[in-house]
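> Need coordinates for the following:
(one chain, ligands or ions: 2)
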Amino acid sequence: MPQGTKKVALITGVTGQDGAYLSHLLLSKGYEVHGIKRRSSSFNTGRIEDIYQDPHVDDRQFHLHHGDLTDSTNLIRIVQDVKPSEIYNLAAQSHVAVSFETPEYTANADAIGTLRLLEAIRILGMEKTCRFYQASTSELYGLVQEVPQRETTPFYPRSPYAAAKLYGYWITVNYREAYGMHASNGILFNHESPLRGETFVTRKITRAAAAVALGRQEKLYLGNLDAQRDWGHAREYVRGMWMMLQQDEPDDYVLATGETTYVRDFVRWAFEDAGIPIDFRGEGVDEKGYSQADGRVLIEVDPRYFRPTEVELLIGDPTKANQKLGWRHETGPRELAREMVLADLEAMRDAPIAGGD
Ligand code: NDP
Ligand code: GDR
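Ligands and ions are numbered 1, 2, ... in the order given. I've put the predicted structure just below:
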């Protein structure tokens, strides 16, 4: 791109956790940012309210377009209108457990949706002018083949979500090799924040810890407490996405903290930060769980949250991203849990809580 030309980014999944953080980052860097949001019967733009700009305002830097990864004509038209210099494909049916219930839809959005976007770039002859980021995932590693997991670790997907993302990963590599596109995969390990969706385990736990502390909830039902995850902060991970697209050459990178934590320890931390120190009684997933000093059972394992096939252990090796991108994480899981609990406590003090699992 000629120097001095304004960079234009198109973000799919702009209403999600990462879409919100990435929009903030790119706006702060002077980008014109376009996001694709789905039509929904109620507002789904809560995470980007603070950067929303009225369509009637002149010289807007943030624009929203209705669209869907399952609709090729819509994607082609948006890419043609926006003419982005960078596309970040963050949209996905991103819940692993839900993918077992909606496998075909998940494949359509997460696998073929990626192909549709790459084809839009190709059909419009933008292979050399538009860089592409694919939101790949540590779920690709699935059944443990090697730890810590790095770019060269073999994949073994364990869910319809991971199988769909495997296609997204390889079609991105293929378009890079076949058409010389600047297309990169970020293989991101779990990243969380106060903006994390309420049904992912960290946020489910921090909201429940806050609600129990405020006397609004008695108990939290969870699934596999023995799973281990490498949890980092979403704000830091979107910076890594941007860094990948600023490289001269496209490539694939792991972003991770290199530290892994049991779900049960995240539970303990979150409740501790909410002012409810808890003792764990026994080991194993069928155990009733944690109790307070007064004997109340606060956590109960409910098998309905078990997955037909589980990913037991994720721990990433971010050496390549450290060395080639200069990317580093700053926030570890303990600090992350605290930030999320404090944010939920603050939000919940002023607002009624909604249900959900
Ligand atoms: P979220 O679930 O918070 O956001 C997903 C976004 O995709 C939402 O904006 C959602 O819209 C949108 N979306 C879902 N289906 C479609 C569709 N068919 N067409 C258009 N948009 C759609 O995910 P995150 O922000 O956490 O993750 C971003 C991406 O990174 C996802 O692809 C995820 O799979 C991947 N990823 C996430 C990791 C994590 O730990 N967070 C780790 C590794 C990869 P709506 O708001 O309407 O639901
Ligand atoms: P994950 O995240 O599947 O790793 O995918 P999630 O937070 O859903 O689960 C993490 C682990 O916690 C266990 N678990 C529970 N999970 C949920 N959601 N609800 C529960 O009640 C519960 N109890 C225990 C799970 O079994 C699992 O082992 C996330 C998503 O953001 C993906 O899009 C992304 O690709 C990966 O992270 C990296």
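> contacts and neighbour counts: CA atoms only from here.
Fine.
> What is the burial count for the nearest residue to Arg150 once chain neighbours are set aside?
Using Cα to Cα, 6 or more residues apart in numbering and skipping residues adjacent in sequence, the residue nearest Arg150 is Asp317, 5.2 Å away. Counted with other Cα atoms under 10 Å, the neighbours of Asp317 add up to 20.
> my guess is Asp317 meets Val254, correct?
Yes. Between Asp317 and Val254 a contact is recorded at 6.9 Å, counting by Cα atoms under 8 Å.
> what touches both of these two?
The contact sets of Asp317 and Val254 overlap at Arg150 (Cα atoms under 8 Å, 6 or more residues apart in numbering).
> ok, which residues in this protein are in contact with ligand 1?
13-19, 37-38, 44, 68-70, 90-94, 109, 135-137, 188-191, 197 (Cα under 6 Å from any ligand atom).
> ok, 5 Å please
13-18, 38, 68-69, 90-94, 109, 135, 137, 188-191 (Cα under 5 Å from any ligand atom).
> can you pull out the strands in the stretch 251-357 of the chain?
Per DSSP state E, counting those that start in this stretch, the stretch 251-357 of the chain carries strands over the ranges 252-255, 261-262, 279-280, 290-291, 299-301.
> Out of those, which one sits most buried?
The highest average neighbour count among the strands of the stretch 251-357 of the chain, using mean count of other Cα atoms under 10 Å, belongs to strand 252-255 at a mean of 26.
> now for that one, which elements pack on it?
Packed against strand 252-255 by the contact rule (3 or more Cα pairs under 8 Å, 6 or more residues apart in numbering; DSSP states H and E) you find strand 183-188, helix 234-245.
> pLDDT on that strand, on average?
Mean per-residue pLDDT for strand 252-255: 99.
> need the contact list for Gln247.
Contacts were defined as Cα under 8 Å, 6+ apart; by that measure Gln247 touches Leu325.
> what's the spacing between it and ligand 1?
To ligand 1, Gln247 is 20 Å away according to Cα to the nearest ligand atom, to the nearest Å.
> Ok, Gly332 next?
Relative to ligand 1, Gly332 is positioned 14 Å away (Cα to the nearest ligand atom).
> Now do the contacts for that residue.
So Gly332 contacts 231-233, 257, 259 (Cα under 8 Å, 6+ apart).
> One more: Gly16?
Taking Cα under 8 Å, 6+ apart as the test, what Gly16 contacts is 47, 91, 197.
> per-residue pLDDT, it?
Per the predicted model, pLDDT is 98 at Gly16.
> Could you measure from it over to Phe43?
Using Cα to Cα, to the nearest Å, we find Gly16 at a distance of 13 Å from Phe43.
> quick one: common contacting residues for these two?
Joint contacts of Gly16 and Phe43 (Cα under 8 Å, 6+ apart) do not exist.
> hey, where'd the helices end up in the stretch 101-250 of the chain?
Secondary structure of the stretch 101-250 of the chain (DSSP state H, counting those that start in this stretch): helices at 103-106, 113-123, 160-179, 201-213, 234-245.
> could you redo these as JSON lines and give each row mean pLDDT?
Output for those, formatted as JSON lines (pLDDT from 0 to 100):
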{"stretch": "helix 103-106", "mean pLDDT": "98"}
{"stretch": "helix 113-123", "mean pLDDT": "98"}
{"stretch": "helix 160-179", "mean pLDDT": "99"}
{"stretch": "helix 201-213", "mean pLDDT": "97"}
{"stretch": "helix 234-245", "mean pLDDT": "99"}
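> Most tightly packed of the ones you listed?
Greatest burial across those, using mean count of other Cα under 10 Å, falls to helix 201-213, with a mean of 24.
> So which residues on the protein come close to ligand 2?
Contact residues (Cα under 5 Å from any ligand atom) of the chain with ligand 2: 94, 96, 137, 189-190, 200-201, 222-224, 227.
> May I ask which two of the residues you listed are separated the most?
Across the residues of the chain next to ligand 2, the longest distance by Cα to Cα is 23.0 Å; it joins Thr137 and Leu222.
> now whichever residue of the stretch 151-300 of the chain sits closest to ligand 1: how far from Leu115?
Going by Cα to the nearest ligand atom, ligand 1 is nearest to Asn190 of the stretch 151-300 of the chain, at 3.3 Å. Separation of Asn190 from Leu115 (Cα to Cα) stands at 24 Å.
> What of Gln323?
Distance from Gln323 to Leu115, by Cα to Cα: 30 Å.
> Equivalent analysis for Leu195, please.
28 Å.
> Also Asp18?
Distance from Asp18 to Leu115, by Cα to Cα: 21 Å.
> try Ile87
Distance, Ile87 to Leu115, using Cα to Cα: 13 Å.
> again with Gly326
Using Cα to Cα, one gets 30 Å for the distance from Gly326 to Leu115.
> again with Val147
Taken as Cα to Cα, the span from Val147 to Leu115 is 30 Å.
> Same question for Ile121.
10 Å.
> With Trp269 instead?
Trp269 is 41 Å from Leu115, by Cα to Cα.
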